[in-house]
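Participant: Build me a model:
(chains A and B)
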Amino acid sequence: MAQYKLVRCTINGKKVEQMVDVRASLTDMLRNDYRMTSVKKGCEVGECGACNVLIDGECFNSCIYLAVWAEGKHIRTLEGLMSEDGELSDIQQAFIDEAAVQCGFCTPGVIMSAVEILESGRDYTDDELRKLLSGHLCRCTGYENILRAVRKTLDKRLGKV
Amino acid sequence: MYDIKALYEASSIEDAIKLRLEYPEAQILAGGSDVLVQIREGKRAGKELISIYMIDEMRGVTLDDNGDIRIGSLTSFSHITKNEIVKKYINVLGEAVDMVGSPQIRNIGTIGGNTCNGVTSADSASTLFALDALVELTGSSGKRIIPISEFYIKAGTVDIKPDEIQTAIIIPKEKYTDYQGHYIKYAMRNALDITTTGCSVNVKLSEDKKVFEDVRIAYGVAGPIPMRAKTAEEFIKGKNVSEDTAKEFSLKVLSDINPRDSWRASKAFRQHLATELAYRALKECVKLSGGEM
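Facilitator: Residues are numbered from 1 along each chain as shown, chains lettered A, B, ... in the order given. All right, here's what the predicted structure looks like:
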């Protein structure tokens, strides 16, 4: 027998509510109920990071997060990064400039990890950045360009370049 | 969609205990980074779940009046690593749990889930053994506090009664005061890998830093459950701080541990790791304590 629950949360700044099947993952809810298709279904066991979103400012793999746990939470996805006039954010533009995107499947997840890093307001060594980005698998380009895109955006935001 | 028969959400510890009694077959779900994955794999599919994840009173690290450190069972790995009390008094635990999975896993994974799983490779477990941690369980008749060494019964089985949930991990003051600790995880990758063998050491040196007053050493994946190497500990107590002592100590662990051949690594390799990690972790502890070897 299907079991449903009302889940109220904030998605990219907008208050929403929806009856949700308790068996749904947060990935299921974001994609199916809210059409947030930047949240990708990759491994679905918390290893690849393609479904990564920010929940109350921290990164979570939404595939292994129950949708009902979203109650009262502030969730941010890649869709929330674009400005009102449709401009890309600095980190998205940096991924393009540094050719850190090939097939693009892992990109939204990686960028959301980058957002958590950038919004911490502090500097990191390259080794620290590698560790902070280590929850993502990219099978196309490798990680150097991704690291460079995050590094450059971080340096810019910290006023270093 | 997960293959879940029914989901019962606990809103408080009391509520969780009630649900435990009402649904004795149900699996407890904390952060879910193991349980939900096992459901996905079919291993725990079709079962009832009691979610305790939303019980906020089980989160956070506090210093009790008597100086004991109390870690709520639902505290995430990343919150343990970032916590000021942990950094100041038991930094080794913060470092150990910072080696679990990936940043995202460390945000969802909890220390309670890590220990309740009963697996030998849990990155928090060996350090908790080395710290002589206590486990607090809350049931219908109140709280029960037991040493972590008694909490583990066998691989995959821990001492949780049918009406209980684990509510906290406690590090007694006398177990961390004047000790320096170090944990080494050996795995094939730096992220998202399970420990091949892990070793956690705590050292208390004499005031002149010349003698090992007390040493506690524990392993993950050196046997079916996390374990201490008591022979090695007995051997080193009262010995002078030196290379020779450290080398001899590291070989003594072989009489305590019981690793096995698995697809991840052979028994012989794990024995080699156990001695080498004992030596390196001990050396680092001496360094952290201000001693010289």
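
Participant: Tell me which residues of the host helix or strand of residue B:217 come out buried.
Facilitator: Residue B:217 belongs to strand B:212-220 when assigned by DSSP states H and E. Using 16 or more other Cβ atoms under 10 Å in any protein chain shown as the test for burial, strand B:212-220 gives B:212, B:214-220. Just so you know, the C-beta spots here come from the backbone N, C-alpha and C atoms, and that holds for glycine as well.

Participant: Just put these in JSON lines and tack on pLDDT.
Facilitator: Output for the buried residues of strand B:212-220, formatted as JSON lines (pLDDT from 0 to 100):
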{"residue": "B:212", "pLDDT": "98"}
{"residue": "B:214", "pLDDT": "98"}
{"residue": "B:215", "pLDDT": "98"}
{"residue": "B:216", "pLDDT": "98"}
{"residue": "B:217", "pLDDT": "98"}
{"residue": "B:218", "pLDDT": "98"}
{"residue": "B:219", "pLDDT": "98"}
{"residue": "B:220", "pLDDT": "98"}
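
Participant: got a list of what the most centrally placed residue in chain A touches?
Facilitator: Central residue of chain A (Cα atoms, centre = their mean): residue A:112, 3.1 Å from the mean position. Residue A:112 makes contact with A:52-54, A:59, A:76-78, according to Cβ atoms under 8 Å, 6 or more residues apart in numbering or on different chains.

Participant: Ignoring the adjacent residues along the chain, who's closest to it?
Facilitator: residue A:52 (4.9 Å; Cβ to Cβ, 6 or more residues apart in numbering or on different chains).

Participant: wait, doesn't residue A:110 sit right on residue A:143?
Facilitator: No - using Cβ atoms under 8 Å, residue A:110 is not in contact with residue A:143; the gap is 9.1 Å.

Participant: Residue B:291 against residue B:241, yeah?
Facilitator: Yes - using Cβ under 8 Å, residue B:291 is in contact with residue B:241, at 5.1 Å.

Participant: Could you find the closest non-adjacent residue to residue A:154?
Facilitator: Nearest to residue A:154 is residue A:118, by Cβ to Cβ, 6+ apart, at 6.1 Å.

Participant: cool, residue B:293 as well?
Facilitator: That would be residue B:286: by Cβ to Cβ, 6+ apart, it lies 5.2 Å from residue B:293.

Participant: Which secondary structure element is home to the one you found?
Facilitator: With DSSP H and E as the criterion, residue B:286 is inside helix B:267-288.

Participant: so who does the nearest residue to residue B:102 once chain neighbours are set aside touch?
Facilitator: Leaving aside its sequence neighbours, residue B:102 sits nearest to residue A:135 (Cβ to Cβ, 6+ apart; 3.0 Å). Residues near residue A:135 by Cβ under 8 Å, 6+ apart: A:49, A:52, A:59, A:61, A:113, B:101-105, B:191-192.

Participant: Now with 10 Å, please.
Facilitator: Neighbouring residues of residue A:135 by Cβ atoms under 10 Å, 6 or more residues apart in numbering or on different chains: A:46-49, A:52, A:59, A:61, A:109-110, A:113, B:101-107, B:191-192.

Participant: For ChimeraX, what selects the buried ones among the residues you listed?
Facilitator: Filtering those down to the buried ones (16+ other Cβ under 10 Å) takes a single ChimeraX command:
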select /A:46,47,48,49,52,59,61,109,110,113 /B:101,102,103,104,105,106,107,191,192
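
Participant: out of the contacts of residue A:135, which are inside strands?
Facilitator: A:52, A:59, A:61 (DSSP state E).

Participant: Would you mind measuring from the second one to residue B:209?
Facilitator: By that I understand residue A:59. Distance, residue A:59 to residue B:209, using Cβ to Cβ, to the nearest Å: 42 Å.

Participant: what do you get for the first one?
Facilitator: When distances are taken as Cβ to Cβ, residue A:52 and residue B:209 turn out to be 46 Å apart.

Participant: cool, the last one as well?
Facilitator: Distance check for residue A:61 against residue B:209: by Cβ to Cβ, it reads 45 Å.

Participant: Not counting residues beside it along the chain, what's closest to residue B:187?
Facilitator: In space, residue B:187 is closest to residue B:193, 4.0 Å off (Cβ to Cβ, 6+ apart).

Participant: OK, contacts around that neighbour?
Facilitator: B:99-102, B:121, B:185-187, B:264.

Participant: quick one, strands of the stretch 1-150 of chain B?
Facilitator: Assigned by DSSP state E, counting those that start in this stretch, the strands in the stretch 1-150 of chain B fall at B:4-9, B:27-29, B:47-51, B:61-63, B:69-72, B:134-139, B:142-147.

Participant: if we take the contacts of residue B:193, which one ends up nearest to residue A:130?
Facilitator: Nearest to residue A:130 among the contacts of residue B:193, counting by Cβ to Cβ, is residue B:102 at 11.7 Å.

Participant: Pretty sure the closest one sits against residue A:131.
Facilitator: Yes - contact criterion Cβ atoms under 10 Å: residue B:102 and residue A:131 qualify, at 9.1 Å.

Participant: Now do the shared contacts for the two.
Facilitator: Here residue B:102 and residue A:131 have residue B:191 as joint contacts, going by Cβ under 10 Å, 6+ apart.

Participant: Once you drop chain neighbours, what's closest to residue B:288?
Facilitator: residue B:180 is the one closest to residue B:288 (Cβ to Cβ, 6+ apart), at 3.9 Å.

Participant: hey, what's the one you found bridged with?
Facilitator: Residue B:180 has the following beta-bridge partners by DSSP bridges: residue B:203.

Participant: which residues does the residue nearest to residue B:242 when sequence neighbours are not counted contact?
Facilitator: Distance criterion Cβ to Cβ, 6+ apart; nearest residue to residue B:242, sequence neighbours excluded, is residue B:293 at 6.4 Å. By Cβ under 10 Å, 6+ apart, residue B:293 lies in contact with B:241-246, B:282-283, B:286-287.

Participant: mind listing the helices for the chain?
Facilitator: Defaulting to chain A. Taking DSSP state H as the test, the helices found in chain A are A:26-28, A:90-97, A:107-119, A:126-132, A:144-157.

Participant: To clarify, I was referring to chain B.
Facilitator: B:13-22, B:35-40, B:77-82, B:84-89, B:91-97, B:103-108, B:111-116, B:123-130, B:148-151, B:173-176, B:230-236, B:243-252, B:267-288.
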